[in-house]
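**Q** give me coordinates for this.
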Amino acid sequence: MYLAFRIFKFTCETIGFIKNLHGSDKAFIANEKCTSCGICARVCPVQNIIIENEKPSWKHRCELCLACLHFCPVAAIQMGSKTAKRGRYKNPSVTIADMKKQRGE
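**A** Sure thing, here's the model as predicted:
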């Protein structure tokens with residue numbers, strides 16, 4: 001019985017995450033450091049970001065890979081207040097060209 005409950009709970013939590021996944025990019029912002037370079041849009045594997053009025057705009061198809069946040073050269077992209085004072089990580093073996101190739105460009 002306990003195992004069935006755990007499986008049910010995990011399933012409900014997973015379904016909730018999946019249902020809210022694509023709307024989760026509402027938390028992303030580009031602060032005043034944004035230079036409108038467009039790297040965020042170029043590295044997004046699902047082409048969820050466009051540059052409008054010299055700032056990135058998310059179109060609610062986000063897969064939460066966080067490439068936009070980590071590839072931003074001036075750390076202008078934040079996910080709410082949680083990431084403002086946190087470091088960024090970019091795998092030194094992965095380039096912007098690699099990210100564009102991944103999405104078929």
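**Q** from now on I want contacts and neighbour counts done on CA atoms only, so please keep to that.
**A** Will do.
**Q** please tell me how far the closest residue to Asn31 other than its chain neighbours sits from Ser93.
**A** Residue nearest to Asn31 in three dimensions, not counting chain neighbours: Ala76, with 5.2 Å by CA to CA, 6 or more residues apart in numbering. For Ala76, the distance to Ser93 equals 22 Å [CA to CA, to the nearest Å].
**Q** if we can go back for a sec, count the neighbours of the residue nearest to Asn31 for me.
**A** For Ala76, the neighbour count with other CA atoms under 10 Å is 18.
**Q** what's the answer for Ala97, then?
**A** Other residues close to Ala97 by other CA under 10 Å number 11.
**Q** secondary structure element for it?
**A** helix 96-102 (DSSP states H and E).
**Q** now for that helix, which elements pack on it?
**A** If you count contacts as 3 or more CA pairs under 8 Å, 6 or more residues apart in numbering; DSSP states H and E, helix 96-102 packs onto helix 39-43.
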